[in-house]
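Trainee: please find the sequence and the predicted model below.
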Amino acid sequence: MPGAGDASAFFSARSGLARPDPQFGSLEALRRMSFSTVLVATLLAALLLRIDRTEAAPSLALHECRLESAAVRGNVTARCGYYSVPENPEQPGRRISLHVAIIPALRLAPAADPLFVISGGPGQAASDFYVSAAPAFAYFRRDRDIVLVDQRGTGASNRLDCALEYEDDLTSMSTASLQLLAQRCLRTLPGDTRFYTTSMAVRDLDTVREALGYERINLYGVSYGTRVAQHYLRRHPTRVHATILDGVVPAGVALGPAVALDAQNVLDGIFDRCTADSQCNAAFPDIHLRFTALYDRLRARPLRLSVPDPLTAEPARIRFGVAELGAVVRMLSYTDDTASVLPLLIHEAQAGRAQSLAAQYLMIRRSMARQMAMGMHFAVICSEDVPRWNDEKISIESLQRTYLGAAFMQAIGTICERWPRGRVDPDLTEPLRSPAPVLILSGSEDPVTPRRYGEEVFKDLPNATHLLLSGQGHGQIGTGCVPKLAAQFVDQGNATGLDAACVDHVTAAPFMLSPTATAP
């Protein structure tokens, strides 16, 4: 049980107060014993109240469980349960179960306002994300419970998934094949995708909050999860104490059209930084040109490789072309740690040794397939984003000049032509204007939610604080001093006196100059 060991140590440490001390008289010993008894009784009462609070709703009975992630090894102990909600609130015949997990605070009498963690994607479960990022939430967990609600359609909340065949590549499929793929996927899903949108997720979050008996909560949202957090704050402003938006997506921005442009800008920045670094430039000269040459070669003739499987070491046959190159480069550019190996991998691949780059692609593809519920992903994207793509005014020609190109976006658009439009609140895409305290976290080298997104959201929030971390990519909750700052922000409910000077010391990871060493 989480916290049990800490409680035992606490009681053991305090039990010394009750031991008679030869240098004091019996009255003093009795006084100290009485104090210890009262203290222990008070702590036990607080513990019983805490247990009663988390188990108060009979329809959300909680039991001991262990959460696991598709991305990392290990698990997290929690208290889990399922909460039944109607799939369609207007026709409550069919019901689905939402998977809820509570990571109890280490304090025996935690703060009354827990932290609700909302994951990204769309398509990743909150429980999966938390396990992979648990150390970043240690400061929060010290004082308050952490609540995870797998968004409907993800994780253990009626997951909507339709895995593609391993060899399938959306960008190389015909329009007819893509439409058949969408129809085949829809037939296999265990739910009506029209009711798996952000608007429905916000309703679910507040239903779970009420069932658990919390008057007010704190929100942490990452990537797409920031859309959910913003809409919850819009819908239920009196229920939110403080909000953290990490890698924020403005409500008015449709995800998709700008991704290729932003990814290209970040990759160019990585190459520029390598060129400016004397050791990186010496090891990988003309890295821009090498990448262009590799791209052109793969576009003309994709490689057929035999690569040892990263997990089993068994030989795996793989086609490696520009689509696979684009996927692996984009995902490795998400964090400064993984971006640091890109010049090395590109240099090796252009020199005829592409196995390492291909192995990275295999690992990324496998991880994404396990983490992302693609049926739920399309339910959100096809209802909330694709219908607004023309509003972004980004030309196909500009996308074709990037390493990701326009093919993937065009493939998604084709799938969405056959995908049912879901329930979307009319004000979902309106800018969030709120006096609530909000902490916005951005990375200067984020390839999917660039710094301008944080600046755009910041201007409409008079009590917001925007922290920009130099050299960092997507998602900052685990970077440097950010975990401690974020927890202090939630504790206070504002940024008054928050000493954020420590973020100025954050720098990008040094480049890997060989498979075993970074630059000194």
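Mentor: Done, it's in.

Trainee: how about the strands in this protein?
Mentor: 63-68, 75-86, 95-103, 115-118, 146-149, 217-222, 240-246, 303-308, 315-320, 438-443, 464-469, 512-514, 517-518 (DSSP state E).

Trainee: what's in contact with the second one?
Mentor: In this case it means strand 75-86. 1-2, 54, 59-68, 92-104, 130-131, 134, 148, 152, 156, 204, 207-208, 211 (C-beta atoms under 8 Å, 6 or more residues apart in numbering). The C-beta positions use only the backbone N, C-alpha and C, and glycine is treated the same way.

Trainee: who does that strand pair up with?
Mentor: Paired strands of strand 75-86, with direction, are strand 63-68 (antiparallel), strand 95-103 (antiparallel) (DSSP bridges).

Trainee: buried residues in the last one, which are they?
Mentor: By neighbour count, and taking 16 or more other C-beta atoms under 10 Å as the criterion, the buried residues in strand 95-103 are 96, 98, 99, 100, 101, 102, 103.

Trainee: list just the nearest of these to residue 306.
Mentor: Checking the buried residues of strand 95-103 against residue 306 with C-beta to C-beta, the nearest one is residue 99 at 39.6 Å.

Trainee: picking that back up, of all the strands paired with strand 75-86, which one is nearest residue 460?
Mentor: Of all these, it is strand 95-103 that lies closest to residue 460, at 30.6 Å by C-beta to C-beta.

Trainee: I'd like the strands paired with strand 75-86 as TSV, with mean pLDDT and distance to residue 126 appended.
Mentor: Output for those, formatted as TSV (pLDDT from 0 to 100; distance: least, C-beta to C-beta, whole Å):
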stretch	mean pLDDT	distance to residue 126
strand 63-68	95	10
strand 95-103	97	8
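
Trainee: so which of those comes closest to residue 330?
Mentor: Ranking those by proximity to residue 330 (C-beta to C-beta) places strand 63-68 first, at 26.2 Å.

Trainee: number of nearby residues for the closest residue to residue 310 other than its chain neighbours?
Mentor: Leaving aside its sequence neighbours, residue 310 sits nearest to residue 363 (C-beta to C-beta, 6 or more residues apart in numbering; 4.9 Å). The tally of other residues near residue 363 (other C-beta atoms under 10 Å) stands at 14.

Trainee: check the gap between residue 363 and residue 278 for me.
Mentor: Shown here: residue 363 relative to residue 278, a distance of 31 Å by C-beta to C-beta, to the nearest Å.

Trainee: likewise for residue 76?
Mentor: 43 Å.

Trainee: those two: who's more crowded?
Mentor: Neighbours were counted for residue 76 and for residue 278 using other C-beta under 10 Å; residue 76 has more, 20 against 9.

Trainee: report the separation between that one and residue 216.
Mentor: Remark: distance between residue 76 and residue 216 (C-beta to C-beta) = 25 Å.

Trainee: also residue 323?
Mentor: Using C-beta to C-beta, one obtains 46 Å as the distance from residue 323 to residue 216.

Trainee: between these two, which has more neighbouring residues?
Mentor: Set residue 323 next to residue 216 and count neighbours by other C-beta under 10 Å: residue 323 wins out with 22 against 15.

Trainee: does the more buried one really touch residue 172, like I thought?
Mentor: Yes. With contact defined as C-beta atoms under 8 Å, residue 323 counts as touching residue 172 (6.8 Å).

Trainee: burial count for residue 396?
Mentor: By the criterion of other C-beta under 10 Å, residue 396 has 11 neighbours.

Trainee: tell me the contacts of it?
Mentor: By C-beta under 8 Å, 6+ apart, the contact set of residue 396 is residue 406.

Trainee: neighbours of residue 435, how many?
Mentor: Other residues within reach of residue 435, judged by other C-beta under 10 Å, total 10.

Trainee: residue 494 now?
Mentor: Neighbours of residue 494 using other C-beta under 10 Å come to 16.

Trainee: with adjacent residues omitted, what lies nearest to it?
Mentor: Distances taken as C-beta to C-beta, 6+ apart place residue 437 nearest to residue 494, at 4.7 Å, with adjacent residues excluded.

Trainee: check what pLDDT the one you found gets.
Mentor: pLDDT recorded at residue 437 is 97.

Trainee: what's the spacing between it and residue 493?
Mentor: Here the criterion is C-beta to C-beta. By it, residue 437 lies 6 Å from residue 493.

Trainee: please apply the same query to residue 77.
Mentor: 29 Å.

Trainee: so how far is residue 192 from residue 181?
Mentor: Using C-beta to C-beta, residue 181 is found at 19 Å from residue 192.

Trainee: likewise residue 218?
Mentor: To residue 192, residue 218 is 32 Å away according to C-beta to C-beta.

Trainee: which residue of those two possesses the greater neighbour count?
Mentor: residue 218 (26 against 16).

Trainee: residues contacting residue 346?
Mentor: Residues near residue 346 by C-beta under 8 Å, 6+ apart: 284, 287, 290, 291, 294, 329, 357.

Trainee: name the nearest of those residues relative to residue 244.
Mentor: Closest to residue 244, out of all of those and judged by C-beta to C-beta, is residue 329, at 29.0 Å.

Trainee: touching, the closest one and residue 364? I think so.
Mentor: No. In this structure, residue 329 is not within contact of residue 364 by C-beta under 8 Å, at 10.2 Å.

Trainee: which of those two has more residues huddled nearby?
Mentor: residue 329 (26 against 18).

Trainee: do you know how far the more buried one is from residue 174?
Mentor: 26 Å.

Trainee: count of neighbours near residue 247?
Mentor: Residues near residue 247, counting by other C-beta under 10 Å, number 27.

Trainee: quick one, what contacts the nearest residue to residue 431 once chain neighbours are set aside?
Mentor: In space, and not counting its chain neighbours, residue 431 is closest to residue 460: 5.0 Å by C-beta to C-beta, 6+ apart. By C-beta under 8 Å, 6+ apart, the contact list for residue 460 reads 431, 432, 433, 434.

Trainee: export the strands paired with strand 75-86 as a markdown table, with columns for distance to residue 350.
Mentor: As requested, the strands paired with strand 75-86 are exported to a markdown table (distance: least, C-beta to C-beta, whole Å):
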| stretch | distance to residue 350 |
| --- | --- |
| strand 63-68 | 38 |
| strand 95-103 | 45 |
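
Trainee: where do the helices sit along the stretch 351-500 of the chain?
Mentor: 355-371, 374-380, 396-400, 407-417, 451-458, 482-492 (DSSP state H, counting those that start in this stretch).

Trainee: what packs against the second one?
Mentor: Same thing as helix 374-380. helix 175-188 (3 or more C-beta pairs under 8 Å, 6 or more residues apart in numbering; DSSP states H and E).

Trainee: sorry, back to before: so the residue nearest to residue 310 makes contact with residue 308?
Mentor: No. At 11.6 Å, residue 363 does not count as touching residue 308 under the criterion of C-beta under 8 Å.

Trainee: least confident secondary structure element in the chain?
Mentor: The helix or strand of the chain with the lowest confidence, counting by mean pLDDT, DSSP states H and E, is helix 4-15 at a mean of 28.

Trainee: roughly how far does the nearest residue to residue 324 once chain neighbours are set aside sit from residue 444?
Mentor: Excluding the flanking residues, the one nearest residue 324 by C-beta to C-beta, 6+ apart is residue 361, at 5.1 Å. The gap separating residue 361 from residue 444 is 26 Å, by C-beta to C-beta.

Trainee: those two - which one has more neighbours?
Mentor: Remark: of residue 361 and residue 444, residue 361 carries more neighbours, 25 against 17, as counted by other C-beta under 10 Å.
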